[in-house]
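[1] structure of the sequence below:
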Amino acid sequence: MMGSSLPRLEALDLRNNRFFGDIPSTFNNCMSLVLLNLEGNNFSGGIQTWMPQDISILKLRSNQFTGNIPPQLCCLLNLTILDLANNEFSGSIPHCLHNATSLPSFTNVLPGPVSNHFFTTAKDFMKIDLHTKGQQLEYGKTLKLVRSIDLSANKLSGGIPVQLFKLTELQSLNLSYNYLIGEIPEQIGEMKDLESLDLSHNNLHGNIPQSMSGLSFLDVLNLSYNHFSGQIPLGTQLQSFDAWSYAGNPDLCGPPLQKHCTIPDNTEKVEENEDDGFMKSLYLGMGVGFAVGFWVVCGSLVLNRAWRHSYFRFFNGVVDRIYVIVAIKLQKFR
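    Below is the predicted model:
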């Protein structure tokens, strides 16, 4: 088998062939394997038992792998490029994935003879195509400086783990074309080296975190076709992208979109509150005044006998005069 006969194999590139079936578990015996590229084949099954522990570049793009992304990937402490795009992976993104790619430079942590020999010779003959920044780019001499994760075009679900944004050295993150839900964690602002971010075609919602406006190296951004809402955070960074970066989010507003954000006008509410307060004070004053006047008059009549008699004599006199005037007018009318 290949794994047992090539224990010192450092790079294996089988891309764009017609290989199919499961990956042989004997790959695990390739203790020196640093680069494994199986892109563009028909491999299937899972990837749980055959991963060499020293691997740094793992490209399984465009195959037919199924099942969950195994947590065993978190044990690959030298991993800096992980490309599992365009497969049939399902389930959630492992929360521990940041353990695998959090190292600043894998050339500093790989066994000296392996890493130095590989990257010294690889720059002369090894070139790898990476899908990043919205296009396919070829890397050669600068390969050892690249840190990238691409899990796009799978069937991943659940939220984006907050732990993933601890990858402060990551340069490219692509989670597009999945079924991810939830909000973008505010911690994304800690990924200061991020140059390319693609979260398009998911079911993410909520506001775009204000911390993203501080990603000064961000060159490519795609948040289209989600359910984001609210105003795009102000700052020269997020306003520099084209409107298509935010397309398919009807509840988003603010530059660079043509849709302006509606700012609530509190002036009318203040005026209405002032008018309401004035009317309430007026009615209250009228009520108090009527009550005071009523009790002043009635209280005087109740407490003072002479005033009471005078009032009733006056009232009877008025009634008598009105009766006489009315009677005379009716007699004249007849």
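
[2] now stretch 140-148: average pLDDT?
    The average pLDDT within stretch 140-148 is 80.

[3] mind listing what's buried in it?
    Buried residues in stretch 140-148, counting neighbours by 16 or more other Cβ atoms under 10 Å, are found at Leu143, Lys144, Val146, Arg147, Ser148. Every residue, glycine included, has its C-beta placed from N, CA and C.

[4] now the first one. Its backbone dihedrals?
    To tie it back to what came earlier, the one meant is Leu143. phi -60, psi -40 (degrees, to the nearest 10).

[5] coming back round to it: of the buried residues of stretch 140-148, closest to Ile160?
    The closest of the buried residues of stretch 140-148 to Ile160 turns out to be Ser148 (Cβ to Cβ; 16.4 Å).

[6] quick one: the strands in the stretch 201-334 of the chain?
    With DSSP state E, counting those that start in this stretch as the criterion, the stretch 201-334 of the chain has strands at 203-206, 220-222, 227-231, 251-253.

[7] on that earlier part again, most widely separated two among the buried residues of stretch 140-148?
    Across the buried residues of stretch 140-148 (Cβ to Cβ), the longest gap, 12.5 Å, separates Lys144 and Ser148.

[8] center of the protein - which residue?
    Nearest to the geometric centre of the chain sits Ile184, at 2.4 Å (Cα atoms, centre = their mean).

[9] list the contacts of that residue.
    By Cβ atoms under 8 Å, 6 or more residues apart in numbering, the contact set of Ile184 is Ile160, Leu199, Leu204, Gly206, Ile208, Pro209, Met212.

[10] nearest to Lys59, of those?
    Using Cβ to Cβ, those come closest to Lys59 at Leu199, 21.2 Å.

[11] wait, isn't the closest one in contact with Tyr225?
    No: between Leu199 and Tyr225 there is no contact under Cβ atoms under 8 Å: 9.7 Å.

[12] those two - which one has more neighbours?
    Leu199 (23 against 18; other Cβ atoms under 10 Å).

[13] in strands only, show me the buried residues of stretch 140-148.
    For those, the ones inside strands are Ser148, with DSSP state E as the criterion.

[14] just send the buried residues of stretch 140-148 back as CSV, with distance to Ser240 too.
    CSV is the format used below for the buried residues of stretch 140-148 (distance: Cβ to Cβ, whole Å):
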residue, distance to Ser240
Leu143, 28
Lys144, 30
Val146, 24
Arg147, 23
Ser148, 22
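
[15] surely Ser216 and Gln237 touch.
    Yes: if you go by Cβ under 8 Å, Ser216 and Gln237 touch, sitting 6.4 Å apart.

[16] between those two, who's got more neighbours?
    A count of neighbours by other Cβ under 10 Å puts Gln237 above the other of Ser216 and Gln237, at 16 against 11.

[17] any idea how far Pro185 is from Asp198?
    Per Cβ to Cβ, to the nearest Å, Asp198 is found 16 Å from Pro185.

[18] Asn99 now?
    Separation of Asn99 from Pro185 (Cβ to Cβ): 18 Å.

[19] so, low pLDDT: which residues of the stretch 101-250 of the chain?
    Flagging of the stretch 101-250 of the chain using pLDDT under 70 yields the residue ranges 101-126.

[20] and the closest residue to Lys166 other than its chain neighbours, how far from Ser148?
    Closest residue to Lys166 apart from its sequence neighbours, by Cβ to Cβ, 6 or more residues apart in numbering: His98 at 4.5 Å. Separation of His98 from Ser148 (Cβ to Cβ) stands at 14 Å.

[21] cool, Ile188 as well?
    For Ile188 relative to Ser148 (Cβ to Cβ), the value is 16 Å.

[22] ok, Leu175 - how many residues close by?
    23.

[23] ok, now which ones touch it?
    Leu175 sits next to Ile93, Leu151, Ser152, Leu156, Ile160, Asp198, Leu199, Asn202 when contact means Cβ under 8 Å, 6+ apart.

[24] please, which helix or strand holds the fifth one?
    Just to be clear, that refers to Ile160. Using DSSP states H and E, Ile160 sits within no helix or strand.
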